[in-house]
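Engineer: Give me a 3D structure for the following:
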Amino acid sequence: MEKTKVEIVFQVGCVVNSVDQVLENLRTYFELEEETIVIKSSKERAEQGIRVENTYNGRPADFHIKTARLNFGGIDLEYVEPLNKDGGDPYSDWLKEHGPGIHHINMKLADRSIIDRIMAEKNIPIHILSKTGGLELETYDFRQMFGFIAELGDMVVGPMKDTYYNGEKEK
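Structural biologist: Residues are numbered from 1 along each chain as shown. Prediction:
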């Protein structure tokens with residue numbers, strides 16, 4: 001069987017009810033590198049004309065999220081707040097079913113197309129696919145196989161990106 005290599009696991013993603021409340025809680029108990037905190041809203045980005053195409057379990061999905069990312073002990077910790085709490089998208093469905101908590105780990109693979117082929121052969125669909133411009137990320141729900149949801153993207157982000165890219169030749 002064809003395999004690919006995990007080059008780096010660099011992010012833990014959590015789904016929460018309120019990004020702002022979680023950041024307030026973190027600031028109460030931890031010294032944070034405030035300059036590493038990046039807050040974004042897909043709704044605000046859409047209003048600026050930045051288009052994101054999403055699919056959820058193979059179907060087009062229109063949803064908005066607010067995210068906060070920060071350096072937390074050397075990894076990229078991402079908080080995702082669904083702006084719709086009623087369900088029908090991956091993050092609000094997660095909150096309704098599981099409550100707040102760890103949702104995914106993000107990793108960079110040597111060749112993501114290998115996983116895509118293997119999963120297609122096994123009829124395991126892409127859980128979430130998001131495309132913005134020329135970049136895309138996808139998640140696979142590997143909980144039954146490996147115990148986690150994997151987010152696979154085109155690039156490494158956060159505090160581990162410099163280490164990763166300084167060790168690699170740019171293509």
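Engineer: Can you give the contact residues for the helix or strand where residue 103 lies?
Structural biologist: Using DSSP states H and E, residue 103 falls within strand 101-109. The set of residues external to strand 101-109 that reach it, using Cβ atoms under 8 Å, 6 or more residues apart in numbering, is 4-15, 76, 78, 80, 91, 94, 115, 139, 148-153, 155-157, 164. (C-beta placed from N, C-alpha, C; glycine too.)
Engineer: List only those of those flagged as buried.
Structural biologist: 4, 8, 10-15, 76, 78, 80, 91, 94, 115, 139, 148-153, 156-157, 164 (16 or more other Cβ atoms under 10 Å).
Engineer: Look up how far residue 137 lies from the residue nearest to residue 11 when sequence neighbours are not counted.
Structural biologist: Excluding its sequence neighbours, the residue lying closest to residue 11 (Cβ to Cβ, 6 or more residues apart in numbering) is residue 106, at 3.6 Å. Taking Cβ to Cβ, to the nearest Å as the measure, residue 106 falls 8 Å from residue 137.
Engineer: So between these two, which is more surrounded?
Structural biologist: residue 106 (23 against 16; other Cβ atoms under 10 Å).
Engineer: Just the ones in strands from the buried ones among the contacts of strand 101-109, please.
Structural biologist: If you go by DSSP state E, the buried ones among the contacts of strand 101-109 have 8, 10-15, 76, 78, 80, 139, 148-153 in strands.
Engineer: Could you check the pLDDT of the residue nearest to residue 135 when sequence neighbours are not counted?
Structural biologist: Nearest residue to residue 135, sequence neighbours excluded (Cβ to Cβ, 6+ apart): residue 154, at 5.1 Å. Listed pLDDT for residue 154 reads 84.
Engineer: Torsion angles phi and psi at residue 154?
Structural biologist: phi -90, psi -10 (degrees, to the nearest 10).
Engineer: Let me know whether it touches residue 132 as I believe.
Structural biologist: No. Contact criterion Cβ atoms under 8 Å: residue 154 and residue 132 do not qualify, at 10.3 Å.
Engineer: intersection of neighbour lists for residue 106 and residue 137?
Structural biologist: Between them, residue 106 and residue 137 share the contacting residues 151, 152, 153, judged by Cβ under 8 Å, 6+ apart.
Engineer: Hmm, the second one is touching residue 137, no?
Structural biologist: So that's residue 152. Yes. Assessed by Cβ under 8 Å, residue 152 is found in contact with residue 137 at 6.6 Å.
Engineer: Spell out, range by range, the helices that occur in the chain.
Structural biologist: 19-29, 42-47, 90-98, 112-121, 143-146, 161-166 (DSSP state H).
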